[in-house]
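A.B. asks: Have a look at this fold, sequence not included:
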């Protein structure tokens, strides 16, 4: 009996420890900003309460000072001037900025719990030596005064962009770096990805009264502001100070805060069936008809995403003209307005879907860019396929083409590469967006669409408001499908091994047909083989990998088809026979859905007369 109690206690402690193993830090920001539009500068006061939920004692903390990247000879500047294929928006522009065009974030004072701390500015990182340690499960309050200058817009952040918007305020405040199970994420800003601490924001922005602001959070004083935010049943009572208005925003459970401001902004607001508010904020003289038409597509997008991938949890979402492509932030995105209408819809869908795969599933983008960009791209094109009723079986054909070209170029780097350290911008983008999206769509091929769809929703529901890793995503998909997937992620994420299968030979007689398939590429995969008969019938065969320890569930084909014996991946050939006369076969094809990222499709489809023969 004592042994039984010991076993039960061990099991209970294991469960408790497993549940307690995950932790994440928390922050609460209180910020007051006084903006001088004549100098493009602002004075800031920041009170930051930092909660150390880790098991570690912290003796240092680090802040991001992103605006410091927009100075000649910064790491971003040098990287852009020395990389093989610089971003066309950056190139050598930073090197030629004048003193009144650069960005900076200067710290005037910094205290921890009322005591001065020692700190050093190292480019875009503020290194802080604490006045006293922050012990596990305790908090500390940091108070900071600082001065910032908004740079000419080079990349994402800045003023006076190509579309004439005055201020795109992203990465604009001294931001505490994330500390997680891997330690501090204090990477210098060279123009790529981000990682932030979950928490709350209470932000007051004092700016000239003619400016309209849109961004993260919920406006707390709409009837002082007007601009369409106000409750129409109550009078607008503006409280002006020195010709300025103070905009007061609050946001809960987010990991960043962004905003944009322009005197020519206008806003259209729609209320969705869920009660959520959609704000469209843009230059009123710019493509009004396109923005007006966008409303229905955006509303439908949220309906599809809520049903398929999990419910958007915030009260608002703002789509704001920002003038530099598209960039996602919690509860908001900044996008470019020019281009085709379909392009406007597409970038809106992409950035809005980041609300799921970065805004709420806050992966470390720098380390796992494919988890954010890849899953976002996958869902973007799935939704675009629905919105425009394209009815494509492989709606990611462009992503597959991009990935294949990269794979065959010989210059591909594994998805485990840190975003800042890809050798080229082109392959960083293709890896994160295209290969990341292919990884998701191909996974539906491996485990079946039904299990994949369940896994996507389970992943969101289990990991929203956290920092999931690739292992967390893999484990959710394993549980949803009952299939082991270590091999899939090890190969497609951790290596540049390629998939290439071909039908080596087909031979038969008047009683049966035998098919021989060859594994040519290094990466193993389960196979769907479809045989079309001359009478119009179609036979579907699934060949699982032995290493999967299972087989796919319901997929896009009608019925499950027939499952054949497992393929041990070290075997170079696989042979199976059909009880079908050879002369009844019209066509044989490996993976007609094209979801398997086979780098050579020429050997996937038959007839090929040099390899098919009739045997007497």
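C.D. replies: The structure has been received and is ready for your questions. Computed from a predicted model, the values in this text were never measured in an experiment.
A.B. asks: Let me know the helix or strand that residue 80 is in.
C.D. replies: helix 75-82 (DSSP states H and E).
A.B. asks: Need the distance between the two termini of stretch 589-603.
C.D. replies: This stretch, stretch 589-603, spans 9 Å end to end (Cα to Cα, to the nearest Å).
A.B. asks: buried set for it?
C.D. replies: Using 16 or more other Cβ atoms under 10 Å as the test for burial, stretch 589-603 gives 589-599, 601, 603. All C-beta spots, glycine's among them, are computed from the backbone N, C-alpha and C.
A.B. asks: Output the residues you listed in a markdown table, with distance to residue 221 and secondary structure appended to each entry.
C.D. replies: A markdown table is the format used below for the buried residues of stretch 589-603 (distance: Cβ to Cβ, whole Å; DSSP: H, G, I helix; E, B strand; the rest coil):
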| residue | distance to residue 221 | secondary structure |
| --- | --- | --- |
| 589 | 63 | strand |
| 590 | 62 | strand |
| 591 | 57 | coil |
| 592 | 58 | coil |
| 593 | 53 | coil |
| 594 | 53 | coil |
| 595 | 51 | coil |
| 596 | 55 | coil |
| 597 | 52 | coil |
| 598 | 58 | strand |
| 599 | 57 | coil |
| 601 | 59 | helix |
| 603 | 66 | helix |
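A.B. asks: Pick out whichever of these sits closest to residue 276.
C.D. replies: residue 595 (32.7 Å; Cβ to Cβ).
A.B. asks: which ones are touching the closest one?
C.D. replies: 394, 441, 442, 444, 445 (Cβ atoms under 8 Å, 6 or more residues apart in numbering).
A.B. asks: Next one: it from residue 406, what distance?
C.D. replies: 18 Å (Cβ to Cβ, to the nearest Å).
A.B. asks: what number of residues lie near residue 307?
C.D. replies: 10 (other Cβ atoms under 10 Å).
A.B. asks: Show residues contacting the helix or strand where it lies.
C.D. replies: Per DSSP H and E, residue 307 falls inside helix 288-309. The contact list for helix 288-309 (Cβ under 8 Å, 6+ apart) reads 268, 270, 272-274, 276, 278, 280, 282, 312, 317, 319, 337, 341, 344-345, 348-349, 352-353, 356, 379, 382-383, 386-387, 453, 456-457, 460.
A.B. asks: mean confidence score for stretch 479-491?
C.D. replies: Mean pLDDT, computed over stretch 479-491, is 98.
A.B. asks: what comes up buried for it?
C.D. replies: Using 16+ other Cβ under 10 Å as the test for burial, stretch 479-491 gives 480, 481, 483, 485, 487, 488, 489, 491.
A.B. asks: So which bits of the helix holding residue 80 are buried?
C.D. replies: Residues 75, 76, 77, 79, 80 are the ones in helix 75-82 that count as buried (16+ other Cβ under 10 Å).
A.B. asks: My read is that the fourth one contacts residue 191, right?
C.D. replies: In other words, residue 79. Yes: in this structure, residue 79 is within contact of residue 191 by Cβ atoms under 8 Å, at 7.1 Å.
A.B. asks: quick revisit: and the helix or strand just after the helix holding residue 307, how far from the chain's centre?
C.D. replies: Beyond helix 288-309 in the direction of the C-terminus, DSSP H and E gives the next helix or strand as strand 316-321. Centroid displacement of strand 316-321 relative to its chain, using Cα atoms, centre = their mean, to the nearest Å, is 18 Å.
A.B. asks: how is this protein carved up into domains?
C.D. replies: Domain ranges of the chain: 27-197, 383-492, 501-614, per automatic domain parsing.
A.B. asks: got the ones you listed as CSV, with distance to residue 245 columns?
C.D. replies: Shown next, in CSV, are the domains of the chain (distance: least, Cβ to Cβ, whole Å):
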stretch, distance to residue 245
domain 27-197, 10
domain 383-492, 32
domain 501-614, 53
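A.B. asks: Of the contacts of residue 595, which is the most crowded?
C.D. replies: Counting by other Cβ under 10 Å, top hit in the contacts of residue 595: residue 441 with 25 neighbours.
A.B. asks: List the contacts of it.
C.D. replies: Taking Cβ under 8 Å, 6+ apart as the test, what residue 441 contacts is 378, 394, 396, 399, 595.
A.B. asks: can you pull the contacts of the nearest residue to the second one once chain neighbours are set aside?
C.D. replies: For residue 394, the nearest residue in space outside its immediate sequence neighbours is residue 594; the separation is 4.4 Å by Cβ to Cβ, 6 or more residues apart in numbering. Residues near residue 594 by Cβ under 8 Å, 6+ apart: 393, 394, 397, 400, 601.
A.B. asks: Which pair of these spans the longest distance?
C.D. replies: Taking Cβ to Cβ, no two of the contacts of residue 594 sit farther apart than 393 and 601, at 14.5 Å.
A.B. asks: from the buried residues of helix 75-82, which single one is nearest residue 158?
C.D. replies: residue 76 (12.6 Å).
A.B. asks: wait, what's in contact with the closest residue to that closest one other than its chain neighbours?
C.D. replies: Closest residue to residue 76 apart from its sequence neighbours, by Cβ to Cβ, 6+ apart: residue 69 at 4.1 Å. By Cβ under 8 Å, 6+ apart, the residues touching residue 69 are 75, 76, 77, 94, 103, 123, 124, 188, 189, 190, 191.
A.B. asks: Tell me how far residue 69 lies from residue 113.
C.D. replies: Counting by Cβ to Cβ, the gap from residue 69 to residue 113 is 30 Å.
A.B. asks: can you give me the strands for the stretch 201-350 of the chain?
C.D. replies: For the stretch 201-350 of the chain, applying DSSP state E, counting those that start in this stretch gives strands covering 212-215, 218-219, 244-254, 259-262, 265-271, 277-283, 316-321, 326-329, 332-335.
A.B. asks: what's the closest of the ones you listed to residue 131?
C.D. replies: Taking Cβ to Cβ, strand 244-254 is the member of the strands of the stretch 201-350 of the chain nearest to residue 131, at 28.3 Å.
A.B. asks: what is the rounded mean pLDDT of the closest one?
C.D. replies: On average, strand 244-254 scores 97.
A.B. asks: residues of that strand that come out buried?
C.D. replies: Buried-residue list, strand 244-254, by 16+ other Cβ under 10 Å: 244, 245, 246, 247, 248, 249, 251, 254.
A.B. asks: And for residue 116, the neighbour number?
C.D. replies: Residues within reach of residue 116, counting by other Cβ under 10 Å, total 10.
A.B. asks: That one against residue 110, yeah?
C.D. replies: Yes: here residue 116 reaches residue 110: they are 7.4 Å apart, a contact under Cβ under 8 Å.
A.B. asks: Nearest residue to the middle of the protein?
C.D. replies: Computing the C-alpha centroid of the chain and ranking residues by Cα atoms, centre = their mean puts residue 372 first, at 2.1 Å.
A.B. asks: Please confirm that that one is located within a strand.
C.D. replies: No: counting by DSSP: H, G, I helix; E, B strand; the rest coil, residue 372 falls outside a strand, being helix.
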